[in-house]
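Undergrad: give me coordinates for this.
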Amino acid sequence: MNTSKISLRVTHETDQPALSMGQKEFNRLVNQVETSREALAQWQSLALNYEQKLASDYDPQLRIFQSRQADLVRALDEALSRVLGTKILTKSELKAVKTIICDMAEHLLMDTGDDTLEQIYNKHSDIEFAARQATALEHIKANAAEIFGVAFDNSDELNSFEDITAQLQRQVEAECQRRSDESARHGARPKTGKQTAKQKAAAAKLDAAENGASLSLREIYRKLVSALHPDREPDPAERARKTALMQRVNDAYKKRDLLQLLELQVAIMQIDERAMAAVSDDRLKHFNKILQDQCLQLQQSILQVQRPFREQLGLGLHQTLSPKMIMSRLLKTIAELKQNTASLDREIKASTNLYAFKQRAQDYKDELKTR
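TA: Alright, predicted model coming up:
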């Protein structure tokens, strides 16, 4: 049964022309929960569609692009072999082509593990790839040790950035666990400080609000269970319907989803707008406490779904981000990959023509000047 269009707002009554503060707050929180629900659903849908789009379009196109890059590295290597001993390229143009070959080969070796390009890299570089990687890893280890205050065990095989990251994570986790255990040992001692009367009153008020909210939830839950319990229904079709509704009731109760429980009450006609208007101020306070908690949980869930996208784009929590923006960026990236792949195809073709190759060498030299 669809309850998405059910309104749970408290409305004006003839004998009560104005809503109370609690009723206004209830309506505001209901709106906020519904808006957050919709936003979370949109982000969850985006996350699923994003992963599907990555698998169906982006990843295959990236593999094609990287394959064309590898083809261009080989084509440029062959073109250089043909012009060696000639004066077709100047020294600066020759150096530029070698730099482009090494740059592309290095990225491909690191990103794809295509070891067939290592020989070409070594052929055109002053330092062999393995030696350059070993030096880079030592720098990373030294910087990580300085920043995080950990020491790497030389007996460990740290042959990649991933190995270093994994080792670093293990050491950081071990240190956090050590500090946690130490804190727990010291924290086991009883506190000697006494609470003031004001602190005791605040704590008691907080406990009372939490207990009242829990009692309100439990009361709604019991009413729904009493009305929907499938074991009391002789008709098989109605029993199946109530079983499905009871599953929703149980899920909502476990999540402390007050709005869903109230919507289910409306759906089975246990309450209506008049009943909501008649809810006491004390009970509304309990309802509002639960709805506030729901709002916070929903916002946290939204942030959790957003987190990888924000990290990917380098955006802070207060910077605007929308599902439409994320998917638009992905589609743009896929389109750019296709364009760049077509450009690589033209470069590969140009490398077979000496005069076209000469022009590309000049272009490479100009590009390197702007770096």
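Undergrad: report the buried residues of the host helix or strand of residue 179.
TA: Assigned by DSSP states H and E, residue 179 falls within helix 161-187. By 16 or more other Cβ atoms under 10 Å, the buried positions in helix 161-187 come out as 164, 167-168, 171. All C-beta atoms are positioned from the backbone trio N, CA, C, and that covers glycine.
Undergrad: can you lay out those residues as CSV showing pLDDT?
TA: Below are the buried residues of helix 161-187 laid out as CSV (pLDDT from 0 to 100):
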residue, pLDDT
164, 71
167, 73
168, 71
171, 73
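Undergrad: coming back round to it: on contacts alone, who are the packing partners of the helix holding residue 179?
TA: helix 129-148 (3 or more Cβ pairs under 8 Å, 6 or more residues apart in numbering; DSSP states H and E).
Undergrad: quick one on the thing from earlier: farthest-apart pair in the buried residues of helix 161-187, please.
TA: Pairwise distances across the buried residues of helix 161-187 (Cβ to Cβ) peak at 10.6 Å, for the pair 164 and 171.
Undergrad: please enumerate the shared neighbours of the two.
TA: Shared contacts of residue 164 and residue 171 (Cβ atoms under 8 Å, 6 or more residues apart in numbering): none.
Undergrad: below-threshold pLDDT in this protein: ranges please.
TA: The chain contains residues with pLDDT under 70 at 1-8, 12-17, 144-145, 148-161, 172, 183-213, 270, 272-273.
Undergrad: next one: the residue positioned nearest the centre of it from residue 330, what distance?
TA: In the chain, the residue lying closest to the centroid (Cα atoms, centre = their mean) is residue 308, at 2.8 Å. Per Cβ to Cβ, to the nearest Å, residue 308 is found 13 Å from residue 330.
Undergrad: likewise residue 238?
TA: Taken as Cβ to Cβ, the span from residue 238 to residue 330 is 47 Å.
Undergrad: and residue 75, by the same measure?
TA: Taken as Cβ to Cβ, the span from residue 75 to residue 330 is 30 Å.
Undergrad: residue 356 now?
TA: Remark: distance between residue 356 and residue 330 (Cβ to Cβ) = 34 Å.
Undergrad: neighbour count winner among those two?
TA: residue 330 (18 against 15; other Cβ atoms under 10 Å).
Undergrad: right, and the helix or strand after whichever strand or helix holds the more buried one?
TA: Using DSSP H and E, residue 330 maps to helix 323-350. Once helix 323-350 ends, the next helix or strand along the chain (criterion: DSSP H and E) is helix 354-369.
Undergrad: what comes up buried for that next one?
TA: Within helix 354-369, the residues that count as buried by 16+ other Cβ under 10 Å are 357-358, 360-361, 364-365.
Undergrad: touching, residue 47 and residue 305? I think so.
TA: Yes - counting by Cβ atoms under 8 Å, residue 47 does reach residue 305; the two are 5.5 Å apart.
Undergrad: what about the helices in the protein?
TA: Remark: helices assigned in the chain by DSSP state H are 21-53, 59-83, 91-112, 118-124, 129-148, 161-187, 197-228, 236-254, 258-267, 273-277, 281-313, 323-350, 354-369.
Undergrad: return the most buried member of the ones you listed.
TA: helix 258-267 (a mean of 21; mean count of other Cβ atoms under 10 Å).
Undergrad: tell me the one of the buried residues of helix 354-369 nearest residue 32?
TA: Taking Cβ to Cβ as the measure, residue 32 lies nearest residue 364 of the buried residues of helix 354-369, at 56.6 Å.
Undergrad: without its sequence neighbours, what residue ends up closest to the closest one?
TA: residue 96 (4.1 Å; Cβ to Cβ, 6 or more residues apart in numbering).
Undergrad: and if you look at residue 227?
TA: Once flanking residues are discounted, residue 227 sits nearest to residue 268: 5.8 Å by Cβ to Cβ, 6+ apart.
Undergrad: hmm, who's touching stretch 316-335?
TA: So stretch 316-335 is contacted by 42-43, 45-46, 49-50, 53-54, 57-58, 61, 303, 306, 309-310, 313, 315 (Cβ under 8 Å, 6+ apart).
Undergrad: same thing but at 6 Å, please
TA: Contact with stretch 316-335 is made by 42-43, 46, 53, 57-58, 61, 309, 315, as judged by Cβ atoms under 6 Å, 6 or more residues apart in numbering.
Undergrad: which two of those residues have the greatest separation?
TA: Pairwise distances across the contacts of stretch 316-335 (Cβ to Cβ) peak at 25.9 Å, for the pair 42 and 61.
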